[in-house]
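*Asks:* any chance you could fold what I've pasted below:
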Amino acid sequence: MSNEFTFTINSIAFDEHYQPSDSTRITTNFANLARGESRQENLRNALTMIDNRFNALANWDNPKGDRYSVELEIISVDMDVDSEGNGQSFPTIEVLKTNIVDNKTKKRIEGIVGNNFSSYVRDYDFSVLLLNHNKGKASFSIPDGFGDLHGKLFKCFVNSPAYKQHFTKLPVICLSVSDNKTYHQTENQHPVLGVEYLPNESSLTEQYFKKMGLKVRYFMPPHSVAPLAFFFFGDLLNDYSNLELISTISTMETFQKIYRPEIYNANAVAGKCYKPNLKNSDHSLTQIVYDREERSQLAIKQGKLAEENFIKPYQSVLEQWSASYAL
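*Replies:* Just a heads-up that it's a prediction; the model follows:
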């Protein structure tokens, strides 16, 4: 069989009128914001926070702090899983793409794709496979080959003609730091990314993303209170412009403030030796309604959906493809 799957990329604007489609993973933080009575207010407030943070970081030639606006697109990736070409597709990945509008020059500047990262197969790996593997066991362990298929699917997508046709640069994914690791501040400092931190050990998430071909570095941007995890290919500090990096920071820090306020909206700034704490009571809440509990329950449901509609029916196709896929 072919060593490549075919990917279809669709995009929809993430603005105050956004409504999640039926195929959207509703565990995704931006989809969660767009539900319920406060949906439009939630979206408006989140987008205002992103713009304000962007202008605070891009403060050169920007005396009023209103030069830039960030426009977001939700990028949905479907994969053709039928080798016979019968059009059977499965929604594999969803990411955010930033675009920067310079209100002074009226130019639109392409931002970064990646940012937030959602994946049905990752839901399956963490919320079904890993849980079942450890059920009833005294000590935690990881199944053989954990993350191999997902990693290869992601690399296949990034190397695909569809990706190259739509995006000029490789993705950068920005996540929260882990609350079971300790981070130590280094002397390294970047004008936009801020102060670099190093973790005391590798995490399962790091290992999982490594199979996707991604490296990780941790930076606390200026006027932030905690480091962010940046997953990337190549050279994070030199492959992207300051405005591109600011678009990712402003977007993802806003989302983290909303659904990880104990870490990213804490009232105290991370010190030289920092251990994130999701039970930290000394934090402020944003004016945005977000259901974190529901989100974790939905991850299990969507992991099972992936198992029933993708992993099991196409098991032999996926195993054969994975075995032959050249990394």
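*Asks:* going forward, measure contacts between C-alpha atoms and count neighbours the same way
*Replies:* Fine.
*Asks:* I figured Gly65 hits Asn59, correct?
*Replies:* Yes: assessed by C-alpha atoms under 8 Å, Gly65 is found in contact with Asn59 at 6.7 Å.
*Asks:* any idea which residue is closest to the centre of this structure?
*Replies:* In the chain, the centroid-proximal residue (C-alpha atoms, centre = their mean) is Asn116; its distance is 2.3 Å.
*Asks:* what about that residue, distance to Tyr218?
*Replies:* Distance of Asn116 to Tyr218, computed by C-alpha to C-alpha, to the nearest Å: 16 Å.
*Asks:* that older thread, what's the helix or strand containing the residue nearest to the centre of the chain packed up against?
*Replies:* Using DSSP states H and E, Asn116 sits in strand 107-119. Counting contacts by 3 or more C-alpha pairs under 8 Å, 6 or more residues apart in numbering; DSSP states H and E, strand 107-119 is packed against strand 89-102, strand 172-176, helix 242-259.
*Asks:* what pLDDT, on average, does the first one get?
*Replies:* The predicted model gives strand 89-102 an average pLDDT of 92.
*Asks:* partners of that strand in the sheet?
*Replies:* According to DSSP bridges, strand 89-102 forms sheet pairs with strand 68-80 (antiparallel), strand 107-119 (antiparallel).
*Asks:* what's the first helix or strand after the helix or strand bottoming out on mean pLDDT in the chain?
*Replies:* Using mean pLDDT, DSSP states H and E, the weakest-scoring helix or strand in the chain turns out to be helix 29-33, at a mean of 58. Once helix 29-33 ends, the next helix or strand along the chain (criterion: DSSP H and E) is helix 39-57.
*Asks:* OK, contacts around Lys181?
*Replies:* With contact set as C-alpha atoms under 8 Å, 6 or more residues apart in numbering, Lys181 has these partners: Pro199, Asn200, Glu201, Ser203, Lys275, Pro276.
*Asks:* so Ala226 touches Ile263, yeah?
*Replies:* Yes: applying C-alpha under 8 Å, one finds Ala226 in contact with Ile263, separated by 6.5 Å.
*Asks:* the two - which one has more neighbours?
*Replies:* Ile263 (30 against 25; other C-alpha atoms under 10 Å).
*Asks:* name the element that one belongs to?
*Replies:* If you go by DSSP H and E, Ile263 is part of helix 261-264.
*Asks:* what's whichever helix or strand comes after that helix packed up against?
*Replies:* Next helix or strand after helix 261-264 toward the C-terminus (DSSP H and E): strand 273-274. Packing partners of strand 273-274 (3+ C-alpha pairs under 8 Å, 6+ apart): strand 183-190.
*Asks:* may I have the strand it packs on as PDB, with CA atoms only?
*Replies:* Provided in PDB are the C-alpha atoms of strand 183-190 (Å, rounded to 0.1, in the frame of the first residue of the first chain):
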ATOM      1  CA  TYR A 183      11.600  24.000  36.700                       C
ATOM      2  CA  HIS A 184      14.900  25.800  37.300                       C
ATOM      3  CA  GLN A 185      15.500  29.300  35.800                       C
ATOM      4  CA  THR A 186      18.600  29.700  33.600                       C
ATOM      5  CA  GLU A 187      20.700  32.700  32.600                       C
ATOM      6  CA  ASN A 188      19.400  32.500  29.100                       C
ATOM      7  CA  GLN A 189      17.000  35.300  28.100                       C
ATOM      8  CA  HIS A 190      15.200  36.100  24.900                       C
END
